[in-house]
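> Below is the sequence, then the predicted model.
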Amino acid sequence: LVRVFDSAAGRSMGNAIPHASHVVRLEFNADGTQLAVGCENGDVRVWDPRSGAALSPWLPHDSAVLRLRFDTRGERLLTVTRDGVRTWDLQTGAVPRHVFPDTGTQQVVTEGFDQSGQHVFSFVRANATLRLWSVATGRLVEAPLLIEGGRQPVGYDPGRRLVYTFLSGEGVRAVNMRDGSAAAAVLAPQHRLLSPFVHWSADGRLVASSFPRVGPQMIIQVCDVADGRLRQTITSQTTGLNVRWGAHQDRLAVEMGAGKFQVMDLTTEKILWTGSYTARALGDLLFSPDGRLLAVSGQEEHAQVFDARTGAPITPVLRHSEGGSGAAFSPDSQRIATAGRDGTVRIWSATDGRPLTDWLRHRSAVLRVRFSRDGRLLLSASTDGTVIAWDATTGDPVAPPYPHDTRVNELNLSEDGRHFLTRQGGDRLLR
């Protein structure tokens, strides 16, 4: 049986979820709306953690489940068993999308999707071999690469065919995927990430990399990409790390665990201030476009805005009845829009927390909010399959809802505000 509990109240959130075999692995997706369960007999299934409803068919394997990984959008699941690595399309059923060869004979110690969702990687420490496959074809995109010297792969640039590797005390180095030789090229911030815990400054001069240690601690190291020199080491007490860069690239906000986060100056390597939150989990750390404000959101209480330089609270907590699921600053940094799991959207003053609109409503949870470049429109995307454009001043809808077949996961606006781009559910088509 699997039970999901509210960590703040200590109460069960629903009925126990039965399984036919011992449960050996549990994995939430990024926003906590999906729970993958792996069993000793090889069964895997994805569930809604709140209602206990099945979100996928049974995904069968021939041996016990060792690890589970969602992609960043929660559309695919990667499973690792003793007989290999597989990816599954959670929208289409129980036939594995791909079974990757040469992954069942060695113990895979690191695996997952890259941040683009276009590649699957595996790294076998026993023989120091990295393999990269295309999610679309299931084929190797490069020959297996031997990574020596105890270094760990952390990034992949498919355009230049470079792998970025990390070793504590030495920082990040680039290796040619073709032959394993050291690359002379300067590291680029646009590479595809193999680990979600790697964050680059916009100018590419600094990279913050984090790796789990034994126990609950995680080490974050800030390195100079020109020479790999270690600039700073930060210890966090959580593996649920959430790192954001400031607008001027001189500040880093880091979740430290135990309800704390820190804002630090990367240039001086000093901690500017330490803040706290009362929600059971930190949802986001979001700097305003001008870098002067920091919005901190949690799962129950939605967001609060702080002075990014001093830590002084600028607004009270901006609440939704069922917790938040997204936020966005206006381009002029004067307003902040919040999205709620209760299907509501609201625009607030980012300088004092006053509500500037009434509650703007969808039929179910809102996942994304985006301001237009001129700040006149706000778009919201929901699990009810609609995108709604609102007048960001009055809160009135400016057009009928734009319908989609399933939940809308991605939402982007053109610079002139006349067009927007969406991607829904497990659909690979952009609209």
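Here it is on my side, so go on. Numbers count the residues shown, from 1 in each chain.
> mind checking pLDDT for the nearest residue to Val44 once chain neighbours are set aside?
Nearest residue to Val44, sequence neighbours excluded (Cβ to Cβ, 6 or more residues apart in numbering): Leu59, at 4.1 Å. C-beta here means a position set from N, CA and C on the backbone, and glycine is covered the same way. pLDDT recorded at Leu59 is 89.
> same thing with the one 4 residues further on?
Per-residue confidence for Ser63 comes out at a pLDDT of 84.
> got the contact list for it?
Residues in contact with Ser63, defined by Cβ atoms under 8 Å, 6 or more residues apart in numbering, are 42, 81-83.
> if we can go back for a sec, spit out the contact partners of the residue nearest to Val44.
Counting by Cβ under 8 Å, 6+ apart, Leu59 has contacts 43-45, 77, 79, 88, 94, 96.
> JSON lines for those, including distance to Gly353, neighbour count and pLDDT?
Converted to JSON lines, the contacts of Leu59 look like this (distance: Cβ to Cβ, whole Å; neighbours: other Cβ atoms under 10 Å; pLDDT from 0 to 100):
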{"residue": "Asp43", "distance to Gly353": "48", "neighbour count": "18", "pLDDT": "90"}
{"residue": "Val44", "distance to Gly353": "44", "neighbour count": "25", "pLDDT": "92"}
{"residue": "Arg45", "distance to Gly353": "42", "neighbour count": "21", "pLDDT": "92"}
{"residue": "Leu77", "distance to Gly353": "39", "neighbour count": "27", "pLDDT": "86"}
{"residue": "Thr79", "distance to Gly353": "44", "neighbour count": "25", "pLDDT": "87"}
{"residue": "Trp88", "distance to Gly353": "43", "neighbour count": "23", "pLDDT": "86"}
{"residue": "Ala94", "distance to Gly353": "48", "neighbour count": "12", "pLDDT": "61"}
{"residue": "Pro96", "distance to Gly353": "48", "neighbour count": "19", "pLDDT": "72"}
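> low-scoring stretches of the stretch 201-350 of the chain, by residue?
Where the stretch 201-350 of the chain drops to pLDDT under 70, the residues are 201-205, 207-219, 225-229, 238-249, 278-282, 298-301.
> Sketch out the strands for the stretch 1-150 of the chain, chain order is fine.
23-28, 35-39, 44-47, 65-70, 76-81, 84-89, 98-100, 110-113, 119-124, 129-134, 145-146 (DSSP state E, counting those that start in this stretch).
> Specify the angle between the fifth one and strand 35-39 in degrees.
Pointing back at strand 76-81 there. Between strand 76-81 and strand 35-39, the angle comes out at 20 degrees (axes from the mean of the first three to the mean of the last three Cα atoms, to 10 degrees).
> any idea how far the nearest residue to Asn41 once chain neighbours are set aside lies from Val37?
Nearest residue to Asn41, sequence neighbours excluded (Cβ to Cβ, 6+ apart): Ser21, at 3.7 Å. Distance of Ser21 to Val37, computed by Cβ to Cβ, to the nearest Å: 10 Å.
> These two: which is more packed in?
Neighbour comparison, Ser21 and Val37: the larger count goes to Val37, with 19 against 13 (by other Cβ atoms under 10 Å).
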